[in-house]
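Novice: sequence? don't have it. structure:
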């Protein structure tokens, strides 16, 4: 019944308010939606018959009949979020409250083969999709590394998954799965994930900066994702003409360490080729060459954070990625730089979701997409319509 039901604007308003505020009495729903109690009652009855909401009695304690609370039935439908940020593909299925109900991961068999990548993504969706007769699938969203046109649903540039370049991936997924689909940059979806369920929950102005093998940023201003004129906003690797990536990426740090050892004439163990995390560990153990490289990388990270903070004035800057994971000294340097440089420094927080940030952001986008996909009857021009913290679609 869910997929065939045409919802009115009033019914969508009720769903939106329940999704934002949780269980509410009819009188509270009327106040939050700006509609009459009679209209809310009719909407609730229809939504109840569709299996989307339920009502339950509250505990007694006062005189008269206790009010009943309306709430979403979170298991009435589901969405799928995908993280295609590299050679390991991940997906989750979540209910209407965004709670993850199933997870799966698959390696990409050939990152340069379009057909193989599409087949891998569809197989991944199959791994988490509910069995026939289970909750209806409302929508799918995927985060892809690189430059992604959300509006066109097209992958423009993806060094990690070159086989996806030029593909209208959203359209392909949507037509193959029979549901609305969207794609976006993986760092932007990580920012959405942190804002909806993580370190930036409830914030409307957020910067998520990822310092890992590569560098990237996801930006949210006044609750809206910032993508830019060419869909490449957040490409912090190019700050200072690319110097940031050369100083502070997981790709460059091991190279810089090896070069510094060679310049110092240190050939005591030529077989040692640590990755970036290994260089950080060596610095912590007192290796002076590693310490020099790590100090410079940390300084570069702090300078980038200050630049982003000065430009956007966000409520919070969330730092994620392998280079800052567990790096308390990185946060100390960043916070010190911000305090010295800006009159109103933002809060700095470590990613709470870490590796799950992208799929959680994809779930949030798929939920927004699913709500927008309901066929509507009537139109609404009300200025007081409920406004979500994040406006993703």
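Specialist: Looks like it came in fine. This structure is a prediction, so every number in the text was calculated from the model and none was measured.
Novice: from here on, contacts and neighbour counts on C-alpha atoms
Specialist: Noted.
Novice: what comes into contact with the helix or strand containing residue 334?
Specialist: Element membership for residue 334, per DSSP states H and E: helix 328-341. The contact list for helix 328-341 (C-alpha atoms under 8 Å, 6 or more residues apart in numbering) reads 298-299, 301-303, 305-306, 324, 345-346, 348.
Novice: now with 6 Å?
Specialist: 298, 302, 306, 345 (C-alpha atoms under 6 Å, 6 or more residues apart in numbering).
Novice: ok, now stretch 352-364?
Specialist: 81-83, 141-142, 186, 189-190, 192-193, 198-199.
Novice: hang on, the earlier thing: report the distance from the helix holding residue 334 to the chain centre.
Specialist: Distance, stretch centre to chain centre, for helix 328-341: 25 Å (C-alpha atoms, centre = their mean, to the nearest Å).
Novice: so for that helix, what's the average pLDDT?
Specialist: For helix 328-341, mean pLDDT rounds to 93.
Novice: Check which strands are paired with the helix or strand following it and give the direction for each one.
Specialist: On the C-terminal side of helix 328-341, the closest following helix or strand by DSSP H and E is strand 347-350. Applying DSSP bridges to the sheet, strand 347-350 is found paired with strand 316-320 (parallel).
Novice: quick one: contacts of the strand it pairs with?
Specialist: Residues contacting strand 316-320 (C-alpha under 6 Å, 6+ apart): 206-210, 346-351.
Novice: Now render these as CSV, adding distance to residue 106 and pLDDT.
Specialist: Shown next, in CSV, are those (distance: C-alpha to C-alpha, whole Å; pLDDT from 0 to 100):
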residue, distance to residue 106, pLDDT
206, 30, 97
207, 29, 98
208, 26, 98
209, 26, 97
210, 23, 96
346, 38, 97
347, 36, 97
348, 33, 96
349, 30, 96
350, 27, 95
351, 24, 95
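Novice: JSON lines for the residues you listed, including neighbour count and distance to residue 50?
Specialist: Formatted as JSON lines, the contacts of strand 316-320 follow (neighbours: other C-alpha atoms under 10 Å; distance: C-alpha to C-alpha, whole Å):
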{"residue": "206", "neighbour count": "31", "distance to residue 50": "37"}
{"residue": "207", "neighbour count": "32", "distance to residue 50": "39"}
{"residue": "208", "neighbour count": "32", "distance to residue 50": "38"}
{"residue": "209", "neighbour count": "29", "distance to residue 50": "42"}
{"residue": "210", "neighbour count": "25", "distance to residue 50": "42"}
{"residue": "346", "neighbour count": "20", "distance to residue 50": "45"}
{"residue": "347", "neighbour count": "14", "distance to residue 50": "43"}
{"residue": "348", "neighbour count": "22", "distance to residue 50": "44"}
{"residue": "349", "neighbour count": "17", "distance to residue 50": "41"}
{"residue": "350", "neighbour count": "23", "distance to residue 50": "41"}
{"residue": "351", "neighbour count": "26", "distance to residue 50": "38"}
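Novice: Report the inter-axis angle for the helix holding residue 334 versus strand 316-320.
Specialist: Counting by axes from the mean of the first three to the mean of the last three C-alpha atoms, to 10 degrees, helix 328-341 lies at 150 degrees to strand 316-320.
Novice: Which residue ranges make up each domain of this protein?
Specialist: The chain breaks down into these domains under automatic domain parsing: 2-72, 76-194+356-372, 202-351.
Novice: And those: which comes nearest residue 391?
Specialist: Ranking those by their distance to residue 391 (criterion: C-alpha to C-alpha) puts domain 202-351 first, at 5.3 Å.
Novice: Great, nothing more from me.
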